[in-house]
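K.L.:
sequence and predicted model, in that order:
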Amino acid sequence: MPGYQCNTCGAYHATLPTSYGAVAPDVWLALPEAEREERAVLSSDQCIVDGHYFFILGRLEIPLNGEAEPFSWLVWVSLSKADFGRANELWETAGREVEPPYDGWLCTSLPCYPSTLRLKVKVHTRPVGHRPFVELLPCDHPLYLEQRDGVDLTRVQALAEALMHAEGEMP
């Protein structure tokens, strides 16, 4: 991606990022730090909280109009215990992408949008080594509309400007 002149800080940034992600699901982030190790297990791809809440990290892709590669958010999605178990069972299995999609709920607060928590999704398994694809189900949320219709580089730059200068976990 080409660079851009930042409207927030005035500096020239050599590249325009097209992917951002959260380190953990919001439920994990809400736990008191002193309780995290006792109540939760967090890896780079999966999370279990209190033995009852199950999450995987997926890629919510937004078509980038005029570009070959999409813009993407790495997001945490809750799955049922059964679906989480199945996904875990197939984690390193070649051919796992033929698995039917799992139902889930978005569990990552994305900045620059109204609340994204609990948006209903389908999680599509991809070949080993590739994060699952997160498909938002139809609704009137701006994130769904962007996934359906795509965005242009102006929107990606606006996201970069907001995220690069925000405090918090996301960039």
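P.N.:
Yes, it's here.
K.L.:
nearest the geometric middle of the protein, what residue?
P.N.:
The chain has Val75 as the residue nearest its centroid, 1.8 Å off, counting by C-alpha atoms, centre = their mean.
K.L.:
now that residue. Its backbone dihedrals?
P.N.:
When quoted as degrees, to the nearest 10, the phi and psi of Val75 stand at phi -130, psi 150.
K.L.:
with Gln5 instead?
P.N.:
Dihedral angles of Gln5 (phi, psi; degrees, to the nearest 10) stand at phi -90, psi 120.
K.L.:
can you get me a residue count around it?
P.N.:
By the criterion of other C-beta atoms under 10 Å, Gln5 has 10 neighbours. For glycine as for every other residue, the C-beta is placed from the backbone atoms N, C-alpha and C.
K.L.:
show the contacting residues for the closest residue to it other than its chain neighbours.
P.N.:
The shortest distance from Gln5 to any non-neighbouring residue, by C-beta to C-beta, 6 or more residues apart in numbering, is to Tyr12 (5.4 Å). When contacts are counted by C-beta atoms under 8 Å, 6 or more residues apart in numbering, Tyr12 touches 3-6.
K.L.:
quick one: which of the residues you listed sit in strands?
P.N.:
Among the contacts of Tyr12, the members found in strands (DSSP state E) are 4-5.
K.L.:
which of the contacts of Tyr12 are buried?
P.N.:
For those, a burial check counting by 16 or more other C-beta atoms under 10 Å picks out Tyr4.
K.L.:
pLDDT below threshold where in this structure?
P.N.:
Applying pLDDT under 70 to the chain flags residues 1, 166-171.
K.L.:
what segments of it are strands?
P.N.:
Using DSSP E, the strands of the chain run over 4-5, 12-13, 19-21, 40-42, 46-49, 53-62, 71-79, 102-106, 120-124, 133-136.
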